[in-house]
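> Have a look; sequence and predicted model below, questions after that.
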Amino acid sequence: MTETPRRRDAERTRAELLDVATEAFAESGYSGTRVDEIASRTRTTKRMIYYYFGGKEQLYLAVLEKAYRGIREAEESLHVGDLDPVEGVRRLAELTYDHHLNHTAFIRLVAIENIHRGDFIRRLDSLRSLNRNALGILDGVLERGRADGSLRTDVDPLDVHIAISAYCFFQVANRHTFGFLFERDMLDPDLRDHHRSMIGDIVVGWLTSGIAGR
């Protein structure tokens, strides 16, 4: 069935609203963002925002879901099941680093949501299944690594996810305070390859420690 022009326009408008709303909520948080402001940044109206999303809260929830879905879809695109386990965990770590630096609004949204004790994310049950898939990808890599003796056996996927997320989140979330205190821009393009290699080396070094021949 051919997609109608009206449907294409609706999907384009909805996508534009989500992009603009992502930046607005990341800048000002939920309470500080007004629907009028989002409408003024787009080619639509406040009324149309309510038409597409139902209201400010539903728009914010859609923004959160899209932000989390972005990193999960990026992980799936790696097809780590086709890679050597050691290379697989390295690539996942490096991809997470790049994604966080390329989507700084995602980091700000997560920080804001934690300030509010996860009030809104608790309303998105879909994210639980989505993030279980992320752990499933890691679990598959670790299981293959345990089976062929290339990865240690006493680490679970959530341990690895925490280690990778903490490092990558820090680069963006603490950019301004860390940059002021130590006079280093954590997002400096000249440092990007260095920092990406660091997280890959950290994760691989940890997961292969104690393995004979490594």
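Yep, that arrived.

> what's near enough to touch residue 89?
Contact analysis of residue 89 by CB atoms under 8 Å, 6 or more residues apart in numbering lists 80, 138, 141, 142, 145, 151, 160, 203, 204, 207. All C-beta spots, glycine's among them, are computed from the backbone N, C-alpha and C.

> What of residue 202?
93, 163, 167 are the contacts of residue 202 under CB under 8 Å, 6+ apart.

> same thing but at 6 Å, please
By CB atoms under 6 Å, 6 or more residues apart in numbering, no residues touch residue 202.

> same deal with residue 137?
By CB under 6 Å, 6+ apart, the contact set of residue 137 is residue 75.

> What backbone torsions are found at it?
Dihedral angles of residue 137 (phi, psi; degrees, to the nearest 10) stand at phi -60, psi -50.

> Give me the secondary structure label for residue 118.
coil (DSSP: H, G, I helix; E, B strand; the rest coil).

> so how far is residue 198 from it?
29 Å (CB to CB, to the nearest Å).

> When those two are compared, which one has more neighbours?
residue 198 (15 against 12; other CB atoms under 10 Å).

> Where does the more buried one fall, secondary structure wise?
Under the criterion of DSSP states H and E, residue 198 resides in helix 189-207.

> which of the residues in that helix are buried?
For helix 189-207, burial by neighbour count (16 or more other CB atoms under 10 Å) applies to 195, 196, 199, 200, 203, 204, 207.

> for the contacts of residue 89, which one is nearest residue 171?
For these, the closest approach to residue 171 (CB to CB) belongs to residue 203, at 14.7 Å.

> Could you pull up the residues touching the closest one?
Neighbouring residues of residue 203 by CB under 6 Å, 6+ apart: 89, 93.

> Please repeat the previous calculation with a cut-off of 7 Å.
Residues in contact with residue 203 (CB atoms under 7 Å, 6 or more residues apart in numbering) are 89, 90, 93, 160, 163, 164.

> how about these in CSV, adding secondary structure?
As requested, these are exported to CSV (three-state DSSP):
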residue, secondary structure
89, helix
90, helix
93, helix
160, helix
163, helix
164, helix
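
> Pick out the most distant pair among the residues you listed.
By the measure CB to CB, 90 and 163 form the most distant pair in the contacts of residue 203, at 12.8 Å.

> Have a look at those two and say which one is more surrounded.
Each of residue 90 and residue 163 had its neighbours counted (other CB under 10 Å), and the higher figure belongs to residue 90 (21 against 17).
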